[in-house]
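Trainee: Provided below are the primary sequence and the corresponding predicted coordinates.
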Amino acid sequence: MKKLESSFANMVIVLTVITVVAAACLGAMNNLTAEPIAASKKAKQEEAIKAVLPEFTTVDEEAIVNEQKIFRAYNTNGELVGIAIETKELGFGGDITTMVGFDTNGTIVDYSLLAHAETPGLGSKLVDWFKVKSDIRGVSSDKMPLRVSKDGGEYDAITAATISSRAFLNSINKAYETYQIARGETPTVDAWSGATSVNPTDTIATTDTITVNTCDSITTPIDTLKVEM
């Protein structure tokens, strides 16, 4: 086979061919793997819903409330037994995605960590830290919002990982806020700031005042510039 002449035009042609072939291969691979990946995520999601809710018979299709994914579950009589909420919160390394389950009283049943971008060792701790070291399961609505002890809360943060622990608890707070909205209740927790809501009838009184005397004046000395000719 005759060797191609080394020229700019030939280089462009070769690179274009390589790019087209590579793109076609990547596209074909994406088509082959997209469905299995989606099925795997769906299965993991379904397992998480079962793990975080009381026993149920049926579950509604995914709904979006407060920009979060929610799943309402019912017993054999068609009565609501709980709501599972998938929520995300930015941690130290990236998003922490959690499935949180609440019963009809707003009590936390359980949680399941779906995904995270924290360091491997920290991620493995985050899976069960708040079930073993600082258990949040069974916490009732009157204990919300959840905070780490460094923020005046009741829950110990993972050692040397306060940011990730705080983000995780705030994801639980966000889920609870979403739960209240889904139940038609007025949220009592500002999940993003971790603070309880402010009563609109509250007022802020200011007692200190600053008085300005309009007769006061500011005298500015006038500098002159003498120019010698």
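Mentor: Structure's in. What do you need? What you see is a predicted model; the values in this text were computed from it and never measured.
Trainee: part of a helix, is F56?
Mentor: No - secondary structure of F56, determined by DSSP: H, G, I helix; E, B strand; the rest coil: coil, with no helix assignment.
Trainee: Show me the shaky parts of this structure.
Mentor: Counting by pLDDT under 70, the low-confidence segments of the chain come to 1-6, 8, 10, 30-34, 36-38, 189-229.
Trainee: show me what contacts G93?
Mentor: 116-119, 164 (C-beta atoms under 8 Å, 6 or more residues apart in numbering). (Each C-beta comes from the backbone N, C-alpha and C, glycine too.)
Trainee: so what's the residue nearest in space to the middle of the chain up against?
Mentor: Centre of the chain computed as the mean C-alpha position; nearest residue by C-alpha atoms, centre = their mean is E89, 1.8 Å away. Contacts were defined as C-beta under 8 Å, 6+ apart; by that measure E89 touches 95-96, 98, 167-168, 170-171, 174.
Trainee: what distance separates the longest helix that the chain contains from the centre of its chain?
Mentor: What stands out as the longest helix in the chain, according to DSSP state H, is helix 8-52. Averaging C-alpha positions (C-alpha atoms, centre = their mean, to the nearest Å) puts helix 8-52 26 Å from its chain's average.
Trainee: got the contact list for the closest residue in space to D95 that isn't next to it in sequence?
Mentor: Taking C-beta to C-beta, 6 or more residues apart in numbering as the measure, D95 lies nearest to K88, with 4.8 Å between them; neighbours along the chain are not counted. Under the criterion of C-beta under 8 Å, 6+ apart, the contact list for K88 reads 95-98, 171.
Trainee: how about those residues in JSON lines, adding secondary structure, neighbour count and distance to G27?
Mentor: Written out in JSON lines, the entries for these read as follows (DSSP: H, G, I helix; E, B strand; the rest coil; neighbours: other C-beta atoms under 10 Å; distance: C-beta to C-beta, whole Å):
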{"residue": "D95", "secondary structure": "strand", "neighbour count": "17", "distance to G27": "27"}
{"residue": "I96", "secondary structure": "strand", "neighbour count": "24", "distance to G27": "32"}
{"residue": "T97", "secondary structure": "strand", "neighbour count": "19", "distance to G27": "27"}
{"residue": "T98", "secondary structure": "strand", "neighbour count": "26", "distance to G27": "33"}
{"residue": "S171", "secondary structure": "helix", "neighbour count": "27", "distance to G27": "35"}
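Trainee: hmm, back to that, just checking, what packs against the longest helix of the chain?
Mentor: Taking 3 or more C-beta pairs under 8 Å, 6 or more residues apart in numbering; DSSP states H and E as the contact definition, the neighbouring helices and strands of helix 8-52 are strand 80-90, strand 95-103, strand 108-115.
Trainee: Report the next helix or strand after it in sequence order.
Mentor: Past helix 8-52, heading to the C-terminal end, the next element that is a helix or strand (DSSP states H and E) is strand 58-59.
Trainee: Right, I'll call it a day here.
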